[in-house]
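Novice: test case, fold it:
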Amino acid sequence: MVAVSHGGFLVPNAAEVSHPRMAEPDQIDFATAANARWGVVEGCQVTVTGITANCTAGVVVIDGLLVTVVDQITQLGIAGTADRFDALVIDQGGVFKVIGGAQVADPVFPDVPQDNVLLATVFAPTGSASFTGNVIDKRRFVSRSLLTKIASGDDLVRNLNGSGNYFLISGNGRMEWLGDTRAYRSATKTLRIEDHLVTNGDIVAGGNVTAKNLIGTVNVTAPNLLQGSVMPPLAGSSPGALFQKSDGTVWVHVGTKWSQLVTAENAIPIGTILQSVEPPEAMPGWLPMHGQQISEPQHPQLFGLQGLQSRIVTEASGIRTMVLPDCRDRLFMGSTGFTTNSKTNFLVTIQKANLPPHAHGVSVKMNGGAQLTGRALMGGSHSHTVVEGGTHRHTVTDPGHSHLNGQYPFGGFVCLEWGGQNKLDALFNDRNHTYSVGNSPRTGNAPTGISIGTGDSAHTHIVNPVSDHEHTVRIDSLSEHNHDVIEQQVGGGAALDFTPPYIGFYTYIRSGTV
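Specialist: Next comes the predicted model:
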């Protein structure tokens with residue numbers, strides 16, 4: 001395939017396409033030619049990948065106004081039912097945008113407004129899904145005659161929009177916006193900015209950058225303000241230099257080493273345990289230790305701690321989990337490793353081996369409580385003398401007595417008496433024998449008449465006392481026997497609670513994840 005050049009863009013020859021005039025000069029080319037009030041000062045190169053257009057940073061002039069351009073991208077419209085040309089421009093706000101052309105059989109460049117500067121055009125063939133390489137560079141660079149010398153007090157660029165909000169560049173290079181923001185060289189190799197500097201790109205300075213506020217939205221670098229993934233050598237910086245590592249840590253050049261600045265994130269190692277009165281929702285980066293299950297995707301740094309390895313379990317899904325210790329109602333104790341113990345160990349049942357040696361006093365009643373009998377024996381050889389109180393006697397008089405009619409002188413007795421002919425049948429006699437008892441007189445009653453005289457009976461008996469002496473008391477011995485001792489069972493066996501007085505706090509472990 002033979003290619004021919006039209007306006008700096010290579011296209012197929014006329015035999016293969018129906019639009020051989022697609023890059024011929026048009027009104028845009030003539031409008032920008034030899035006009036120093038529109039054009040590109042530097043940069044602003046356009047490239048296209050697919051339907052994405054990229055513009056590099058630079059500076060343009062729009063109707064005499066300098067406009068700063070940053071790196072930008074924009075999207076081109078998709079191909080249509082006919083060919084077209086799209087214009088890529090910068091407006092007065094520094095915005096990179098597309099002005100779409102008409103889809104016709106013989107397309108031309110679209111018109112560009114007066115407050116825009118043309119950078120490039122893009123050919124969009126019918127049905128094409130990518131315009132990569134179809135870029136026609138239309139940048140017109142401003143004449144270098146603008147680099148002439150002028151007096152330092154004269155205005156190089158002055159934009160007045162009628163409201164007093166002007167932009168001014170003086171002959172001495174001083175830039176000023178409405179008298180409140182200024183950028184100028186205040187000393188050798190010193191750029192002074194008043195009041196604010198905001199950048200979306202890098203600021204690299206070999207000298208001083210003095211500003212009230214320096215805000216870098218991407219990077220701000222200097223010999224004493226470094227960034228990277230590897231610690232820089234100390235020889236390349238001076239004491240006080242700062243280095244921000246790609247992992248987010250910040251280091252400062254102190255003496256002969258880089259020393260890490262302590263932050264809330266790196267001051268406390270992962271796995272550190274603390275107690276706080278703050279509830280869990282007020283402690284980001286810390287996990288309450290309530291015996292809950294956690295997974296490695298949620299808190300990966302905890303799964304790298306050596307002391308927690310024994311608690312890790314691999315689930316059927318392949319995800320590793322662990323159950324954190326439950327620190328509620330538990331006391332902390334120093335140890336050689338991470339261990340846990342049950343809170344029931346504070347409840348202790350005292351065993352016999354834990355008691356000091358001691359005895360129980362038990363009293364037993366003799367012989368089961370029966371009274372013993374004692375006998376007093378004679379204490380030595382002695383006697384007791386009874387002395388009569390005078391000689392005397394007792395007279396007994398018995399006059400005797402008799403019964404009636406002088407019969408039966410030996411004493412009284414009773415007999416039976418029947419009148420007339422009385423018969424007494426004896427059992428040992430048969431009915432044919434009969435004893436007759438005659439009528440006899442009965443005995444009568446008579447006193448004996450015995451009396452004791454008392455006329456000379458008055459007397460006394462005296463027992464003489466003897467000297468002091470002893471009597472031996474003998475207790476009859478008991479036969480060999482046993483006594484039952486019964487002790488009453490006491491104690492309920494309740495465990496003692498040795499939990500000391502305490503104050504409760506929330507307990508957390510440093511997880512490093514929010």
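Novice: show me the shaky parts of the stretch 351-500 of the chain.
Specialist: Residue ranges of the stretch 351-500 of the chain with pLDDT under 70: 363-373, 376-395, 400-449, 452-467, 469, 478-479.
Novice: contacting residues around Gly271?
Specialist: The contact partners of Gly271, by C-beta atoms under 8 Å, 6 or more residues apart in numbering, come to Leu302, Leu305, Gly307, Leu308, Ile509, Arg510. From N, CA and C alone the C-beta is placed, and that goes for glycine too.
Novice: helices of the chain, start to end?
Specialist: Using DSSP state H, the helices assigned to the chain run over residues 27-32.
Novice: break it into its domains for me.
Specialist: Residue ranges of the domains in the chain are recorded as 3-146, 148-260, 268-349+495-514, 399-446, according to automatic domain parsing.
Novice: can you pull the phi/psi pair for the residue nearest to Gln45 when sequence neighbours are not counted?
Specialist: If the residues on either side of it in the chain are set aside, Gln45 comes closest to Thr56, at 4.9 Å by C-beta to C-beta, 6 or more residues apart in numbering. Backbone torsions for Thr56, taken as degrees, to the nearest 10, come to phi -80, psi 160.
Novice: and Thr56, how many neighbours?
Specialist: A total of 16 residues lie near Thr56 under the criterion other C-beta atoms under 10 Å.
Novice: and it, what pLDDT?
Specialist: As summarised for this prediction, Thr56 has a pLDDT of 95.
Novice: please apply the same query to Ile90.
Specialist: Here the pLDDT value assigned to Ile90 is 94.
Novice: so what's it up against?
Specialist: For Ile90, the residues meeting the contact criterion (C-beta under 8 Å, 6+ apart) are Cys44, Cys55, Val60, Ile62, Val67, Val69, Phe96, Lys97, Asn116, Val117, Leu119.
Novice: beta partners for it?
Specialist: With DSSP bridges applied, Ile90 shows beta-bridge pairing to Phe96, Val117.
Novice: how close does it sit to Asp195?
Specialist: When distance is defined by C-beta to C-beta, to the nearest Å, Ile90 is 27 Å away from Asp195.
Novice: now Ala241
Specialist: In this structure, Ala241 and Asp195 are 27 Å apart, going by C-beta to C-beta.
Novice: then Thr47?
Specialist: With distances taken as C-beta to C-beta, Thr47 is found 37 Å from Asp195.
Novice: compare those two (neighbour count), which wins?
Specialist: Thr47 (14 against 10).
Novice: tell me, how many residues neighbour the closest residue to the more buried one other than its chain neighbours?
Specialist: On the basis of C-beta to C-beta, 6+ apart, the spatially nearest residue to Thr47 that is not a chain neighbour turns out to be Asn54, at 5.1 Å. When counting by other C-beta under 10 Å, one arrives at 15 neighbours for Asn54.
Novice: show me what the residue nearest to Glu194 when sequence neighbours are not counted is bridged to.
Specialist: Leaving aside its sequence neighbours, Glu194 sits nearest to Arg182 (C-beta to C-beta, 6+ apart; 4.6 Å). Taking DSSP bridges, one obtains Glu176, Glu194 as the residues bridged to Arg182.
Novice: give me the number of residues near Arg182?
Specialist: Neighbour count for Arg182, taken as other C-beta under 10 Å: 15.
Novice: in contact with it, which residues?
Specialist: Under the criterion of C-beta under 8 Å, 6+ apart, the contact list for Arg182 reads Arg174, Met175, Glu176, Arg192, Ile193, Glu194.
Novice: got a quick PyMOL command for the buried subset of those?
Specialist: Isolation of the buried members of the contacts of Arg182 (16 or more other C-beta atoms under 10 Å) is achieved in PyMOL through the command below:
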select buried, resi 174+175+176+192+193
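Novice: give me the pLDDT for the residue lying closest to Val277 once chain neighbours are set aside.
Specialist: Spatial nearest neighbour of Val277, excluding adjacent residues (C-beta to C-beta, 6+ apart): Phe505 at 6.1 Å. At Phe505 the predicted local distance difference test score is 90.
Novice: who's in contact with the closest residue to Thr263 other than its chain neighbours?
Specialist: Sequence neighbours aside, Val250 is the residue nearest to Thr263 in space, at 7.4 Å (criterion: C-beta to C-beta, 6+ apart). With contact set as C-beta under 8 Å, 6+ apart, Val250 has these partners: Leu242, Phe243, Gln244, Gln260, Leu261, Thr263.
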